[in-house]
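S.K.: Here's a sequence, model it:
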Amino acid sequence: MSTNETSQGKKRKACGKREPQRSDYATEDEFKRSWQRWRETRDNNNESVKRSRQLAKQKRQEHEQQYQQRQQENAQLEALVSELKGEVTFLSKVLKDPESLDAEERRRLDQLIEEAGGAAAAAAADGTG
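M.R.: Next up, the predicted model:
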């Protein structure tokens, strides 16, 4: 007699993925034990799937949040780059032909010089300049 056979000669199926049927077991106790093992396995699997889906959802939300944050940072950096390109263009004009500056450009240059002087004075006071 093999391990899968009962004393009455009826084959007992191993607990697999499908739900055990009463007709597959020689005794009610064997069927109940097999069905309980199957039910526990299914319940554990259902909980595992639930946790896995929650974790995947959480990761998707985190990635979406990071994406939105980086999109915002990129927009700010692009604005800064554009502003700095404008300053470079302006300063190139100042260096190439300072006599061609109009009144507004001269005020802008004076303002930049004041800001640079204030920053240099602050750095000298801190001992970093």
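
S.K.: mind checking how far the residue lying closest to residue 91 once chain neighbours are set aside is from residue 106?
M.R.: Residue nearest to residue 91 in three dimensions, not counting chain neighbours: residue 112, with 7.9 Å by CB to CB, 6 or more residues apart in numbering. C-beta: built from backbone N, CA, C; applies to glycine. Between residue 112 and residue 106 the distance, using CB to CB, to the nearest Å, works out to 11 Å.

S.K.: As PDB, could you dump the C-alpha coordinates of stretch 30-45?
M.R.: Taking C-alpha atoms only, stretch 30-45 is exported to PDB below (Å, rounded to 0.1, in the frame of the first residue of the first chain):
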ATOM      1  CA  GLU A  30      -9.100  13.000   6.200                       C
ATOM      2  CA  PHE A  31     -11.300  15.300   4.100                       C
ATOM      3  CA  LYS A  32     -11.700  17.800   6.900                       C
ATOM      4  CA  ARG A  33      -8.000  17.900   7.600                       C
ATOM      5  CA  SER A  34      -7.200  18.300   3.900                       C
ATOM      6  CA  TRP A  35      -9.900  21.000   3.400                       C
ATOM      7  CA  GLN A  36      -8.700  22.900   6.500                       C
ATOM      8  CA  ARG A  37      -5.100  22.900   5.200                       C
ATOM      9  CA  TRP A  38      -6.400  24.000   1.800                       C
ATOM     10  CA  ARG A  39      -8.500  26.800   3.400                       C
ATOM     11  CA  GLU A  40      -5.500  28.000   5.600                       C
ATOM     12  CA  THR A  41      -3.300  28.000   2.500                       C
ATOM     13  CA  ARG A  42      -5.900  30.000   0.500                       C
ATOM     14  CA  ASP A  43      -6.400  32.500   3.400                       C
ATOM     15  CA  ASN A  44      -2.600  33.000   3.800                       C
ATOM     16  CA  ASN A  45      -2.300  33.500   0.000                       C
END
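
S.K.: Measure how far it is from the centre of its chain, please.
M.R.: Computed by CA atoms, centre = their mean, to the nearest Å, the chain-centroid distance of stretch 30-45 equals 38 Å.
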